[in-house]
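A.B. asks: give me a 3D structure for the following:
(2 chains)
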Protein chains: 2
Amino acid sequence: MATLLTRATDLSIARLAQDPACARGLAWIESSQAWVSDQHIRLTEVPAPEFGEKRRAELLQTILNGVGLTARIDETGNVIAERVGLQTDRVILLAAHLDTVFSAETNVRVRRDGKRLIAPGISDNGSGLAALVAVARAFVESSIRTDATIVFAGDVGEEGEGNLRGIRALVEAYGPRLAAVIAIDGPSTTHITTQGVASKRFEIKIAGPGGHSWSDFGAPNPITAISRGIVQFSSVRVPDTPRSSYNFGVVQGGTSVNSIPDEALVKVDLRSETEAELSRLETTLRDAMQAGLTAEISARRASAGSLQMHVRSLGARPAGKLPENSSLLQAIRDVDRFLGNSSRSESSSTDANLPLSMKIPAVSLGGGGKGGGAHTLAEWYDPSGRELGVRRLFLLTTALAGLQQ
Amino acid sequence: MATLLTRATDLSIARLAQDPACARGLAWIESSQAWVSDQHIRLTEVPAPEFGEKRRAELLQTILNGVGLTARIDETGNVIAERVGLQTDRVILLAAHLDTVFSAETNVRVRRDGKRLIAPGISDNGSGLAALVAVARAFVESSIRTDATIVFAGDVGEEGEGNLRGIRALVEAYGPRLAAVIAIDGPSTTHITTQGVASKRFEIKIAGPGGHSWSDFGAPNPITAISRGIVQFSSVRVPDTPRSSYNFGVVQGGTSVNSIPDEALVKVDLRSETEAELSRLETTLRDAMQAGLTAEISARRASAGSLQMHVRSLGARPAGKLPENSSLLQAIRDVDRFLGNSSRSESSSTDANLPLSMKIPAVSLGGGGKGGGAHTLAEWYDPSGRELGVRRLFLLTTALAGLQQ
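C.D. replies: Numbering: from 1, shown residues only, chains lettered A, B, ... in the order given. The predicted model follows:
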């Protein structure tokens, strides 16, 4: 694996910022917030559901080409633009995920409410994509020449059932040349995601004989069985340390109000900072759903048929943690000190999980500004402070890549 | 309201059967089972989901026209063919519902397994439609001239959320001229549905703030709230007398495994032989769903937002019962005695509910043969004994309509 430069210092960040090329980049950032906002809105208004990121990817490709880079779309659907440095065997990857949790039919038109922009996906990950194109253009405008090669990528499959397939393809493609991965996800500049929360996602389906709501009354009902399992599992104690969570994200079953459904399913997301706790949650979930099935059968007519449960994995994200003494984390702290930005480390489930699980230095950072309501239709973004986020990413990338002497 | 003739007797049924025209009709029935089976399969293989009956209606219209009647489709979507008698102010309505509980995408191709035909909707109501066209053609082939006008109808909206809109339109159109309504539903010749079970159908939706499965963990989840309500209601005691039932037929909620859903809904069917018990079940259901919502909020972070419940009616079917001493029921018993068929009265929810609730003599009868698995993908039909069902309907209709002297 390519190594990072030895530790930057805040002194060296100050010196970096005074380099004429670097200063041009910072000046461009200062003067170009309107352009960045325009790209942000354009990207957000193209639907990008899981497994349906193509149109947004093509728009990002167009924007990156327009900026003066040469962008291509790989087989997985990722948009990739390289800015080749003196070294082609040392790569700094900046990646913002293209996909959202919303369906293709969701209205993604951006509304304004005072300073706020409101639309599904405007923060997660419209703001990350906006920061990506802003940093990419800042590099072009600055004419900085770096030692390492910088790769700007919009990647697919970060959300839901995408199972990190986009970032996985990128990490596999660049392999040992990767010196650091910076995922740009959401707006926050006060958090540095240094720990990848482990997660497992399941679809649990219960099937039965079905029937007529009146003449077959007393037959076991898969909807009721699933409900019993959900209620049973919801009494589980989820620890604060290691921080853990669960979510019943999707439920569906049945075709008609007066038919006993022959099938119902629920999609579940389990997460934990440790693999051990995640494993405990998985066992508890499987037991609870099985108990729900058994309870439903005992509550019904003995002769009325049985139920079967099928558990399917929708993906697993490995855990991983950036060591406290890593050069990458030190560089972020130096940049933050120089910019007067205060931030703290946290755990989350992002594109950074994948490289972290492979011991590749990686973080997830926000693109600047403020946001909220992620994964809801009321999602919002306020661009105040976006400049800080973009300057931070620009300086960090320059420091990691190294200026050509 | 037009009145039925005074009671037929089994003696008079025997005499009726010997009438030359009537005998021609019976002979045609005996020789034409292959044709009936062909129409049965053709009709079943055209999807007819709730609110999507049009293509099947057009095929039924074609078949009735081919038989020598003149069929039209009314504004509601019902297919109607009249065979005018001496009296146009006395109408016997034979109606078989066109719709199924299956979606437009369901594979409705008919498979054979020995004597059995297997397909969704093959019995409910493919067999009713087959009997309808068989009886209609038997009348044409017999050249019988009846006193009353006979109306053959394929009606929409019997299943699920159709809310009996097809039969309602027919009953409204013929108004006081209706002397009797015979719904043909399913195959059974051993049951006479003389009691319309009252039913109410609801969609219960729970909405909340939604959110991100990790960062918003602890927010109330509408899927879990609905599940708590379903489990709570499922502990209710449903009486055997009056016979009653409930069904959670459809559940859906959420868009992505890693988003806390902002909405979930369940569709519920409640039925009872008495309006009083139905009303008690409705109150229990509303209380249980509200309790589920409250329990979900108390189990979550107090600051994490609230949930709202919305209950929407998907329709209500009135109860109704054919009096034990009605001429219609006596005529069926006389026909059954003549044919050596044993049958008993039962309660169900069919197109007959509507006229029964308006005190119009009505029953639901099967079209003959055997069937099972109604409302499931494994639904089957065995034509053995279909002839009996068709002869029974033909003789009953002739007896009710009266032969022109």
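A.B. asks: what sits closest to A:S326 if chain neighbours are left out?
C.D. replies: A:P361 (5.4 Å; Cβ to Cβ, 6 or more residues apart in numbering or on different chains). For glycine as for every other residue, the C-beta is placed from the backbone atoms N, C-alpha and C.
A.B. asks: for A:R344, same thing?
C.D. replies: Nearest one to A:R344, counting by Cβ to Cβ, 6+ apart, is A:H191 at 6.6 Å.
A.B. asks: distance of that neighbour from A:E346?
C.D. replies: 5 Å (Cβ to Cβ, to the nearest Å).
A.B. asks: between the two, what contacts are shared?
C.D. replies: Listed as contacting both A:H191 and A:E346 by Cβ atoms under 8 Å, 6 or more residues apart in numbering or on different chains is no residue at all.
A.B. asks: what about A:L93, is that helix, strand or coil?
C.D. replies: strand (DSSP: H, G, I helix; E, B strand; the rest coil).
A.B. asks: where's it relative to A:I73, distance?
C.D. replies: Look at A:L93 and A:I73: by Cβ to Cβ, they are 16 Å apart.
A.B. asks: so where's chain A uncertain?
C.D. replies: Scanning chain A for pLDDT under 70 picks out the ranges A:1-11.
A.B. asks: what segments of it are helices?
C.D. replies: A:10-18, A:20-31, A:33-44, A:54-67, A:126-142, A:165-174, A:222-233, A:275-299, A:327-339, A:353-357, A:386-401 (DSSP state H).
A.B. asks: could these be laid out in a markdown table, adding distance to A:R83 and mean neighbour count?
C.D. replies: As requested, the helices of chain A are exported to a markdown table (distance: least, Cβ to Cβ, whole Å; neighbours: other Cβ atoms under 10 Å in any protein chain shown):
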| stretch | distance to A:R83 | mean neighbour count |
| --- | --- | --- |
| helix A:10-18 | 17 | 15 |
| helix A:20-31 | 12 | 17 |
| helix A:33-44 | 18 | 20 |
| helix A:54-67 | 10 | 19 |
| helix A:126-142 | 6 | 27 |
| helix A:165-174 | 14 | 21 |
| helix A:222-233 | 48 | 28 |
| helix A:275-299 | 37 | 18 |
| helix A:327-339 | 19 | 21 |
| helix A:353-357 | 20 | 25 |
| helix A:386-401 | 9 | 26 |
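A.B. asks: quick one: which of those is nearest B:R228?
C.D. replies: Minimum separation from B:R228 across the helices of chain A (Cβ to Cβ) falls at helix A:222-233, 5.4 Å.
A.B. asks: do that closest one and chain B meet at all?
C.D. replies: Yes - shown here: helix A:222-233 in contact with chain B (Cβ under 8 Å from any Cβ of the partner chain) through A:I223, A:T224, A:I226, A:S227, A:R228, A:I230, A:V231.
A.B. asks: gap between that helix and the chain center?
C.D. replies: 30 Å (Cα atoms, centre = their mean, to the nearest Å).
A.B. asks: elements contacting that helix?
C.D. replies: Under the contact definition 3 or more Cβ pairs under 8 Å, 6 or more residues apart in numbering or on different chains; DSSP states H and E, helix A:222-233 sits against strand A:198-207, strand A:244-253, strand A:263-272, helix A:275-299, helix B:222-233, strand B:244-253.
A.B. asks: I'd like the helices of chain A as TSV, with distance to B:L329 appended.
C.D. replies: Putting these into TSV (distance: least, Cβ to Cβ, whole Å) gives the following:
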stretch	distance to B:L329
helix A:10-18	94
helix A:20-31	87
helix A:33-44	67
helix A:54-67	65
helix A:126-142	69
helix A:165-174	66
helix A:222-233	38
helix A:275-299	37
helix A:327-339	85
helix A:353-357	71
helix A:386-401	79
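A.B. asks: export the helices and strands packed on helix A:222-233 to a markdown table and tack on distance to A:H375?
C.D. replies: Formatted as a markdown table, those follow (distance: least, Cβ to Cβ, whole Å):
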| stretch | distance to A:H375 |
| --- | --- |
| strand A:198-207 | 15 |
| strand A:244-253 | 9 |
| strand A:263-272 | 11 |
| helix A:275-299 | 20 |
| helix B:222-233 | 14 |
| strand B:244-253 | 14 |
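A.B. asks: ok, which of those comes nearest A:S37?
C.D. replies: Nearest to A:S37, of all the helices and strands packed on helix A:222-233, is strand A:244-253, at 31.2 Å by Cβ to Cβ.
A.B. asks: ends of stretch A:76-91, how far apart?
C.D. replies: Using Cα to Cα, to the nearest Å, the end-to-end distance of stretch A:76-91 comes out at 20 Å.
A.B. asks: and A:G373, what does it touch?
C.D. replies: A:S123, A:E379, A:W380, B:G211.
A.B. asks: can you tell me what sits against stretch A:289-299?
C.D. replies: By Cβ under 8 Å, 6+ apart, stretch A:289-299 touches A:204, A:206, A:220-221, A:224-233, A:306-307, A:309, A:311, B:234.
A.B. asks: quick revisit: which of the contacts of A:G373 has the most neighbours?
C.D. replies: Within the contacts of A:G373, most neighbours by other Cβ atoms under 10 Å in any protein chain shown means A:S123, with 29 neighbours.
A.B. asks: burial measure for the closest residue to chain B within the stretch 1-150 of chain A, as a count.
C.D. replies: Nearest residue of the stretch 1-150 of chain A to chain B: A:V101, at 3.7 Å (Cβ to the nearest Cβ). Other residues near A:V101 number 28, with proximity taken as other Cβ under 10 Å.
A.B. asks: what about the closest residue to it other than its chain neighbours, distance to A:F102?
C.D. replies: With sequence-adjacent residues excluded and distances taken as Cβ to Cβ, 6+ apart, A:V101 is closest to B:S256, at 3.7 Å. Distance of B:S256 to A:F102, given as Cβ to Cβ: 8 Å.
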